[in-house]
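Visitor: dropping the sequence and predicted coords here.
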Amino acid sequence: MIKFTNEDLFAVWSNVSYFLNQNDLRNLALVSKQLSNEVALPNLWKKIHITKNPVIRKDQFYLDCGTSYISGYRAAIKSGDQNDIFLYDRLERLISANKLYFYHIKEVIIDEGIFSNITDGIPLIEKLLSQLVELPDIQKISVHDHKIYARYHDDIQRIPSLKYLEMLNLKCLPEMTDMKQLTDLKITFSSEMLKTKFIFSDKFTNTLTNRVKRLNISIIDSHISLLDILLLLNERVSFQNTTSLKFDFVHPYQDEENIPSEQIFDLCNQLFQLSKIQKLEMNFCCQLGHCECMEEFLELLAPNMTSLRCISLGESLYQNKGDNLLAEKFDSAIGKFLLNLPDYTSQIKELCIRHDPPLNGLGNDTVEGNYYRRRRFYEEILPELRSIEKLIVPRMLQSISLYEIIVCDLLWNGCTCSHCKKYLQLFDEYLMNHQYYSQNTGSYEDVIPPVMFGYVGDILSQRNRDGLDWDLDAFKVNPVEVFWNFHGYEQVHHFSNYECIFNENLFEPLSVCVSHFFNGYMDHLVGFLPNMKLAMLSNFYYTVSETPQYPFNEKMRRYKCIYD
């Protein structure tokens with residue numbers, strides 16, 4: 001019989017702990033003092049994520065492992081005050097915990113808008129941050145609320161142990177010269193920031209050049225051009241060892257006479273070693289509908305991306321959201337980019353495509369024929385990218401909601417399982433008894449399938465909107481519980497003589513119906529992409545096997561959804 005030493009057992013538990021969520025780790029801490037001190041407590045405190053809503057717990061995935069979540073009330077129907085009470089209590093317990101536990105903390109993430117009553121909530125966050133900035137070994141403090149973060153910006157920058165830093169200005173504090181572990185940098189540009197000058201020491205500039213592996217250049221003012229930012233950065237810094245890059249490609253109205261594609265490419269070539277980039281996220285926002293800047297830039301960029309493995313391409317429309325012509329233009333641009341990569345058949349492992357459809361699912365020229373033309377386009381492109389292992393389409397539902405015939409098919413000719421037969425007819429009743437305010441007509445209109453599913457898609461996207469900085473990190477962040485009460489948005493309301501039964505409790509059943517409808521898309525995707533292992537479509541997560549092994553509705557499939 002094999003005998004294990006204590007060291008062997010604790011080595012096993014240390015590895016097992018990566019697959020335990022915070023509830024499992026808490027139970028493990030009760031087993032023995034040694035397991036508690038050496039395995040459970042360090043992992044419980046290592047990474048803390050503060051969210052408004054509790055995370056979704058599913059046995060089918062391990063997204064909730066490796067992080068301890070501090071969140072509000074776990075219930076579909078709840079008031080803002082109820083959620084705040086639970087969140088206040090949990091934050092106060094965290095703040096008053098044994099300070100020896102705080103030394104285990106390496107990473108803290110605080111989402112934006114976690115309180116309904118910010119007057120009472122913000123002091124708790126500030127009290128927590130005051131304690132965190134004193135920790136000698138903390139590696140990351142990420143506060144998604146810029147107003148709160150700005151108050152502690154300088155204090156956080158003084159922490160020498162940081163591996164992640166977000167900068168709201170171009171000023172280098174004396175303490176920042178000792179950031180020897182910094183590898184992950186986010187620079188958030190505002191109008192005021194462009195007016196300032198660099199105050200970087202040579203030592204910190206050297207750190208940026210040689211140590212930063214992951215860089216996020218974020219633009220929060222829509223009239224700031226990427227060209228201006230690159231010109232500013234090239235004055236003082238370069239990022240020659242960056243392998244993960246994210247930026248917003250913004251071409252504002254005031255630059256109408258200037259098509260900056262070639263100049264932006266040249267500046268990128270100076271600022272980065274493009275041949276080293278392995279992970280790339282680009283979000284395009286051209287405010288001139290007729291402009292070809294995105295297409296021209298991508299055409300120049302593609303041949304240089306020899307090391308690229310993970311790519312995310314996003315669209316941010318300034319106006320005319322839902323215009324089929326613009327959607328097809330974006331499709332064409334990213335398709336050409338992907339097929340112009342040096343080794344497109346084997347180099348791409350992860351692909352994310354994010355469109356920017358309108359909130360209510362109503363667009364222009366969204367007839368059936370245009371849907372099928374766009375679909376055929378991707379049916380031709382995706383099989384060429386057969387090395388893809390992970391596919392992410394964050395706004396899949398909103399994108400297909402533009403085409404009324406498709407979401408009508410979802411509602412009236414969808415899945416035939418017992419669940420869908422039971423619930424889909426209820427949502428037909430919902431449509432017949434609810435209206436929304438149409439800004440186009442200036443009057444109340446009946447809710448139709450594109451409108452309803454546009455709203456549903458937006459709610460689903462909120463499940464990881466606050467906690468996700470990079471789209472390509474979708475499989476590293478656990479989604480949170482967000483439900484829709486089937487009212488609100490654009491003044492959605494039911495008729496006065498109708499006794500409405502629709503609330504948050506019916507949102508999850510509708511989500512299951514949507515996931516079953518997506519099975520039709522997954523049937524094609526697993527055929528197009530033979531190496532795919534994971535997929536995420538509108539926050540529906542799928543695991544994919546090499547052979548059919550998952551039963552559903554009397555059929556065997558290669559994929560399984562977390563809602564199955």
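Guide: Perfect, I can see it now. Residues are numbered from 1 along each chain as shown.
Visitor: three-state assignment of Ile311?
Guide: strand (DSSP: H, G, I helix; E, B strand; the rest coil).
Visitor: swap that for Gly314, please
Guide: Once three-state DSSP is applied, Gly314 turns out strand.
Visitor: hang on, it packs against Ala333?
Guide: No - in this structure Gly314 lies outside contact range of Ala333 using CB atoms under 8 Å: 11.9 Å. Every C-beta, even on glycine, is put in place using the N, C-alpha and C of the backbone.
Visitor: ok but Ile125 is inside a helix, no?
Guide: Yes - using three-state DSSP, the assignment for Ile125 is a helix.
Visitor: count the residues that sit near it.
Guide: Using other CB atoms under 10 Å, Ile125 is surrounded by 21 other residues.
Visitor: how about it, what does it touch?
Guide: Ile125 makes contact with 50, 91, 110, 143, 148 under the criterion CB atoms under 8 Å, 6 or more residues apart in numbering.
Visitor: how about TSV for those, with pLDDT, secondary structure and neighbour count added?
Guide: Listed next are these as TSV, based on pLDDT from 0 to 100; DSSP: H, G, I helix; E, B strand; the rest coil; neighbours: other CB atoms under 10 Å:
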residue	pLDDT	secondary structure	neighbour count
Ile50	97	strand	23
Leu91	97	helix	19
Ile110	96	strand	22
Val143	95	strand	23
Ile148	93	helix	17
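Visitor: show me where the stretch 351-500 of the chain has its helices.
Guide: For the stretch 351-500 of the chain, helices defined by DSSP state H, counting those that start in this stretch occupy the ranges 368-381, 396-401, 404-412, 418-432, 449-465.
Visitor: out of these, which is closest to Lys276?
Guide: helix 368-381 (26.1 Å; CB to CB).
Visitor: so where do the helices sit in the stretch 101-250 of the chain?
Guide: Counting by DSSP H, counting those that start in this stretch, the helices of the stretch 101-250 of the chain are 118-132, 146-157, 191-194, 202-211, 226-234.
Visitor: list phi and psi for the most centrally placed residue in the chain.
Guide: Central residue of the chain (CA atoms, centre = their mean): Leu468, 3.7 Å from the mean position. Torsion angles at Leu468 (phi, psi; degrees, to the nearest 10) stand at phi -120, psi 110.
Visitor: residues contacting the nearest residue to it once chain neighbours are set aside?
Guide: Once flanking residues are discounted, Leu468 sits nearest to Val477: 5.1 Å by CB to CB, 6 or more residues apart in numbering. By CB under 8 Å, 6+ apart, the residues touching Val477 are 63, 464, 467-468.
Visitor: redo that, cut-off 10 Å
Guide: 49, 55, 63-64, 67, 109, 463-464, 466-470 (CB atoms under 10 Å, 6 or more residues apart in numbering).
Visitor: minimum pLDDT in those, which residue is that?
Guide: Lowest pLDDT within the contacts of Val477 is found at Gly467 (76).
Visitor: which helix is the longest one in this protein?
Guide: helix 507-528 (DSSP state H).
Visitor: list the buried residues in that one.
Guide: Within helix 507-528, the residues that count as buried by 16 or more other CB atoms under 10 Å are 507, 510-519, 522, 525-526, 528.
Visitor: okay, the angle between that helix and helix 368-381?
Guide: With axes from the mean of the first three to the mean of the last three CA atoms, to 10 degrees applied, the angle from helix 507-528 to helix 368-381 works out at 50 degrees.
Visitor: what is the helix or strand following helix 507-528 packed up against?
Guide: As assigned by DSSP states H and E, the chain's next helix or strand after helix 507-528 is strand 534-537. With contacts defined as 3 or more CB pairs under 10 Å, 6 or more residues apart in numbering; DSSP states H and E, strand 534-537 has these neighbours: strand 390-393, helix 396-401, helix 507-528, strand 540-544, strand 559-561.
Visitor: please redo it, this time with the cut-off set to 6 Å
Guide: Under the contact criterion of 3 or more CB pairs under 6 Å, 6 or more residues apart in numbering; DSSP states H and E, strand 534-537 touches strand 390-393.
Visitor: ranking the helices of the stretch 351-500 of the chain by burial, who's on top?
Guide: Most buried of the helices of the stretch 351-500 of the chain, by mean neighbour count (mean count of other CB atoms under 10 Å): helix 396-401, with a mean of 27.
Visitor: from the chain's centroid, how far away is that helix?
Guide: Computed by CA atoms, centre = their mean, to the nearest Å, the separation of helix 396-401 from the middle of its chain amounts to 17 Å.
Visitor: go on, stretch 306-313?
Guide: The chain centroid and the centroid of stretch 306-313 are separated by 17 Å, computed with CA atoms, centre = their mean.
Visitor: C-alpha coordinates for that stretch, PDB please?
Guide: Extracted as PDB, the C-alpha positions of stretch 306-313 are listed here (Å, rounded to 0.1, in the frame of the first residue of the first chain):
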ATOM      1  CA  THR A 306       3.300  36.800 -36.500                       C
ATOM      2  CA  SER A 307       2.900  35.800 -32.900                       C
ATOM      3  CA  LEU A 308      -0.800  36.500 -32.500                       C
ATOM      4  CA  ARG A 309      -2.800  33.800 -30.700                       C
ATOM      5  CA  CYS A 310      -5.800  35.500 -29.200                       C
ATOM      6  CA  ILE A 311      -7.800  38.300 -30.900                       C
ATOM      7  CA  SER A 312     -10.800  40.300 -30.000                       C
ATOM      8  CA  LEU A 313     -12.400  42.700 -32.400                       C
END
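Visitor: ok, and what's touching it?
Guide: The contact list for stretch 306-313 (CB atoms under 6 Å, 6 or more residues apart in numbering) reads 275-276, 278-282, 334, 342, 349-353, 471-472.
Visitor: go through it and flag the buried ones.
Guide: Quick answer for stretch 306-313 (16+ other CB under 10 Å): 307-313.
Visitor: how about stretch 15-35?
Guide: So for stretch 15-35, counting by 16+ other CB under 10 Å, buried means 17, 20-22, 24-25, 28-29, 35.
Visitor: likewise for stretch 238-250?
Guide: So, applying 16+ other CB under 10 Å, buried residues of stretch 238-250: 238-239, 242-250.
Visitor: start and end of that stretch, how far apart?
Guide: End-to-end distance for stretch 238-250: 20 Å, by CA to CA, to the nearest Å.
Visitor: does Asp64 sit in a helix or strand, and which one?
Guide: Asp64 belongs to no helix or strand, assigned by DSSP H and E.
Visitor: how much space between it and Pro42?
Guide: Asp64 sits 18 Å away from Pro42, going by CB to CB, to the nearest Å.
Visitor: between those two, which one's more packed in?
Guide: Taking other CB under 10 Å, Asp64 and Pro42 do not tie; Asp64 has more neighbours (22 against 18).
Visitor: wait, that one touches Asn478, no?
Guide: Yes - contact status for Asp64 versus Asn478: in contact at 4.5 Å, counting by CB atoms under 6 Å.
Visitor: what residues are shared contacts of those two?
Guide: Joint contacts of Asp64 and Asn478 (CB under 6 Å, 6+ apart) are Val55.
Visitor: quick check on the contacts of stretch 306-313: which are buried?
Guide: 276, 278-282, 334, 349-353, 471-472.
Visitor: pipe these into a markdown table and attach distance to Tyr101 and pLDDT per row.
Guide: What follows is these, written out as a markdown table (distance: CB to CB, whole Å; pLDDT from 0 to 100):
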| residue | distance to Tyr101 | pLDDT |
| --- | --- | --- |
| Lys276 | 39 | 97 |
| Gln278 | 36 | 98 |
| Lys279 | 34 | 99 |
| Leu280 | 38 | 98 |
| Glu281 | 35 | 98 |
| Met282 | 41 | 97 |
| Ile334 | 46 | 96 |
| Lys349 | 38 | 98 |
| Glu350 | 36 | 98 |
| Leu351 | 40 | 98 |
| Cys352 | 37 | 98 |
| Ile353 | 42 | 98 |
| Asp471 | 33 | 96 |
| Leu472 | 32 | 97 |
